[in-house]
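**Student:** Output the structure for:
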Amino acid sequence: MASSDDLVRIVEMIEVAPSSNQFPTSAAEFTLPLTFFDTYWFKFSPVERLFFYPLPADSNPTLFNSVILPKLKKSLSLTLLHFLPLAGNLIWPSPDAAKAVIRYTPNDAVSLKVAESDGDFNRISSNEIINAIELHPLVPQLKASDDAVAITAIQITLFPNKGFCIGLTTHHTVLDGKSVMMFIKSWAYICTNQENYPLQLPSDLAPFFDRSVIKDPSGLDVLFLNQWLALTASDPKTKSLKVSQNLGRVSPNLVRATFLLSPDNINKLRELVLSKWNGKKPIHLSTFVLAVAYTATCLVKARGGESERTMLMGFTADRRKRLDPPVPENYFGNCVGPCGDFVKAGDLMDKNGLAFGANFLSDEIKGLEKGEVLEKAKNKWSALMDAFVKESGSMQMITVAGSPRFHVYGLNFGWGKPKKVEMVSVDRTGAISLAESGDGSGGVEIGLALEKHEMEIVASLFKF
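**Tutor:** Okay, the predicted model is just below:
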């Protein structure tokens, strides 16, 4: 049987620069500083997304190469004019610099790989259990050295007569999920409107780059960066920009699957929690809380082990509206931070596990509304980072990537909406991947990457 790598052939490798025909005269070399929201993710694994699009039913065999690919390339170049930092690199400005910076020069470009696959498009873009490694050849890699690392890489893979896949890899130090979606939604918008270019982006897609709106009187930016270097560098004097190879190793037995929670399923979970809830305080039972709490109970039961074992449970939350003063919704960069704490596995294993998980997540969300971002960042975020690095691979960690609010299934480049969207990076982080349901029903998709025996247990539990 051919390996996954053997099924994918590289057709073309190019560098896509911001369009020279429309290049603004002000687009000279520039740098952007990193805030503490950025340095918190300094050595975190790159975020990897795949968007699977079926070819139009009435298309001819030449449509992809004659129409789709040229349009994607041209619109990408035009889009980068609005997102110049994504064509740049993360660098050390000098050997003795305390912080890395984002630098863009007019010679910079985004690496674009065009490939062709003999893989089964319909199977790997379905919800069924597949070997995780089958998706890896569709994911582009960031160019990286000790001194510089690319911020973005893209791969477009054709499955002849079936569909195509857009793979996007981004450096988490530079941008969060909301910013990634701002970029790819802008790319789709320009692709469908490029005949009318130049055009202005809608206000919610136009990026705001001013980092001065993030206040950091305590110097958390350098504190987090130095913590990452101390935790991951073999030589403390070597400030390598490469992501640590000790984090997020992918097991050869890892499999992936997607599970669906319909609105009816969510309502049943809400009723179940309320039937067991005897607390006097109100509880926040959003779709997010219920989906994550229910998935967490399945994951803990699948892992098994002692009920007294300690595990980490948490998620990241957008702080744009929660800073004082708030920052613009279209702020481009990182403005997310962790929420969560250590819990006992047994609390999620027993008959009241769903209610426990929902209450835990509810309390964490309510805590966000109390503000005090800087105080929490200094005291709690460092402890969570420390645990993630030191306990990676040994302690069970239930975290969340993505969000139903990103509306990933609305991304239409002109040939229809995606059939499937995957976050491949959860193979390394073990996070729960969340997205809105692709069928438009109002439910949620839950993507998991687990050892095969654990996935089989989760599949047996994930029933209504």
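
**Student:** what's near enough to touch Glu445?
**Tutor:** Residues near Glu445 by C-beta atoms under 8 Å, 6 or more residues apart in numbering: 127, 258-260, 433-438. Where C-beta positions appear, they are placed from N, C-alpha and C, glycine not excepted.

**Student:** what do you get if the cut-off is 7 Å, keeping everything else the same?
**Tutor:** Taking C-beta atoms under 7 Å, 6 or more residues apart in numbering, we find Glu445 in contact with 258, 260, 435, 437-438.

**Student:** Just the buried ones among those residues, please.
**Tutor:** 258, 435, 437-438 (16 or more other C-beta atoms under 10 Å).

**Student:** Using TSV, lay out the residues you listed together with pLDDT.
**Tutor:** Listed next are the buried ones among the contacts of Glu445 as TSV, based on pLDDT from 0 to 100:
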residue	pLDDT
Thr258	98
Ala435	98
Ser437	96
Gly438	92
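
**Student:** Can you pick out the most distant pair from those residues?
**Tutor:** Farthest pair in these (C-beta to C-beta) is Thr258 and Ser437. Separation: 10.0 Å.

**Student:** name the element Glu364 belongs to?
**Tutor:** Using DSSP states H and E, Glu364 sits in helix 353-368.

**Student:** Please tell me how far the next helix or strand after that helix is from the chain's geometric centre.
**Tutor:** Once the chain leaves helix 353-368, the next helix or strand it forms, by DSSP H and E, is helix 373-376. Helix 373-376 has its C-alpha centroid displaced from the chain centroid by 23 Å (C-alpha atoms, centre = their mean, to the nearest Å).

**Student:** What are the buried residues along helix 373-376?
**Tutor:** Buried residues in helix 373-376, counting neighbours by 16+ other C-beta under 10 Å, are found at 373-374, 376.

**Student:** Return the residues in contact with Leu368.
**Tutor:** With C-beta under 7 Å, 6+ apart, Leu368 has these contacts: 317, 322, 339.

**Student:** Columns distance to Pro202 on top of these, output as JSON lines?
**Tutor:** JSON lines is the format used below for the contacts of Leu368 (distance: C-beta to C-beta, whole Å):
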{"residue": "Ala317", "distance to Pro202": "25"}
{"residue": "Arg322", "distance to Pro202": "24"}
{"residue": "Cys339", "distance to Pro202": "30"}
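
**Student:** Next step: those residues restricted to helices.
**Tutor:** Among the contacts of Leu368, DSSP state H puts none in helices.

**Student:** quick one on the thing from earlier: closest one of the buried residues of helix 373-376 to Ala302?
**Tutor:** The closest of the buried residues of helix 373-376 to Ala302 turns out to be Lys376 (C-beta to C-beta; 31.1 Å).

**Student:** residues touching that closest one, list them.
**Tutor:** Taking C-beta under 7 Å, 6+ apart as the definition, Lys376 has no contacts.

**Student:** measure it to Ala383 for me?
**Tutor:** Distance of Lys376 to Ala383, computed by C-beta to C-beta, to the nearest Å: 11 Å.

**Student:** my read is Lys242 is in a strand, agree?
**Tutor:** No. Counting by DSSP: H, G, I helix; E, B strand; the rest coil, Lys242 is not found in a strand; it is coil.
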